[in-house]
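# Provided below for reference: sequence and predicted model.
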Amino acid sequence: MPYGSTFTANLTRDQLIDLACKDAGILEDGETLPGGIKADAILTLNGIMRELDAAGKWLWAEKIASVTLVANQWVYTSADGFPTDLREPDRIVYRTAQADDWPVEIITSEGYAAITNKLQQGDPSKVYLASNRAIGSQTLYVWPALASVNTQSVVTGTDTNPYKCIRSHTADSTNKPITGANYLLYWESGGTSPSVWAADTDYTAPQLLRLHYRRPLYEFGAATDNPDMPTQWTRLLRFRLASDLAVPHGTPIEVQQILNCKARGAYDDIFSSLRPQHTDFHNFTKYF
């Protein structure tokens, strides 16, 4: 017998909502979900995404971005190129003018408060991230600050978008944005007033902070959006949503209990490493 060869099964936002509403007895086959219930379901589903986002560190949501340092500047916000989607930093490195990367210590507010001379000049070695309730409103304090910073080259890529240099180099076909095989080591999207890229040209990068961080899980903004997570999580979202919608719509308690069990079962299947391997308690002194 032939068998399938794909492993990309997924559901869109509206498909998830329809299935969850059918599970909860809110929607019958062939019917259309009323606008008010659908609006509530979208809000509930996005609330579940925010709750899941707070539960752990998701590998697929890691990003890398550069913050171009400015001479005699100790404080950076989104206006200075600080990422607006940074949820939690994993590590930060300082890239020197010679393109050497050195780890930077991420300190707490107490650690930053303990620094006596906060206006000291030198190579950055510590950073303090002042978090805000709203993601994208963080403020980064850098210590020490550089007295001078190199100029950054900006060119136009083969996709007609601007790219800023993040590693000084002599241009050749292997580092041309965006067709060069190694261009991601030398260029990053962004910058203003780009020039035309040319081979055998010396391009310069300024001193940088390279941020490795986790972004938030994305919510469902459109009917055709897929979940911002592996396809294995689709069933968990379905039954979590059905369980949440069942209560305010008078779904029988027996059905609510079944939906809760299915949601817990889907969670345990995904996070199997969190489950105990057995429930037996052995008498250690009897056998050893």
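Alright, I've got the coordinates. Residues are numbered from 1 along each chain as shown.
# ok, the residue most central in space within the chain - contacts?
By Cα atoms, centre = their mean, the mean C-alpha position of the chain lies nearest to residue 215, the distance being 2.1 Å. Contacts for residue 215 (Cβ atoms under 8 Å, 6 or more residues apart in numbering) come out as 61-63, 83, 85-87. To be clear about C-beta, it is placed using only N, CA and C from the backbone, and glycine gets the same treatment.
# Just the pLDDT for it.
In this prediction, residue 215 carries a pLDDT score of 92.
# Helices of the stretch 51-200 of the chain, residue ranges please.
109-113 (DSSP state H, counting those that start in this stretch).
# what about residue 262, distance to residue 243?
Shown here: residue 262 relative to residue 243, a distance of 8 Å by Cβ to Cβ, to the nearest Å.
# between these two, which one's more packed in?
Per other Cβ atoms under 10 Å, whichever of residue 262 and residue 243 has more neighbours is residue 243, with 25 against 18.
# Skipping its backbone neighbours, what lies nearest that one in space?
Closest residue to residue 243 apart from its sequence neighbours, by Cβ to Cβ, 6 or more residues apart in numbering: residue 259 at 4.3 Å.
# on that earlier part again, not counting sequence-adjacent ones, nearest residue to the residue nearest to the centre of the chain?
residue 85 is the one closest to residue 215 (Cβ to Cβ, 6+ apart), at 4.4 Å.
# what's the burial count for the one you found?
With other Cβ under 10 Å as criterion, residue 85 counts 15.
# Tell me who's in contact with it.
Taking Cβ under 8 Å, 6+ apart as the test, what residue 85 contacts is 63, 135-136, 215-216.
# Now the phi/psi pair for it, please.
phi -120, psi 20 (degrees, to the nearest 10).
# What distance do you get for it to residue 203?
In terms of Cβ to Cβ, residue 85 sits 27 Å off from residue 203.
# same question, residue 154
From residue 154 over to residue 203 (counting by Cβ to Cβ), the distance is 9 Å.
# Good, we can wrap up now.
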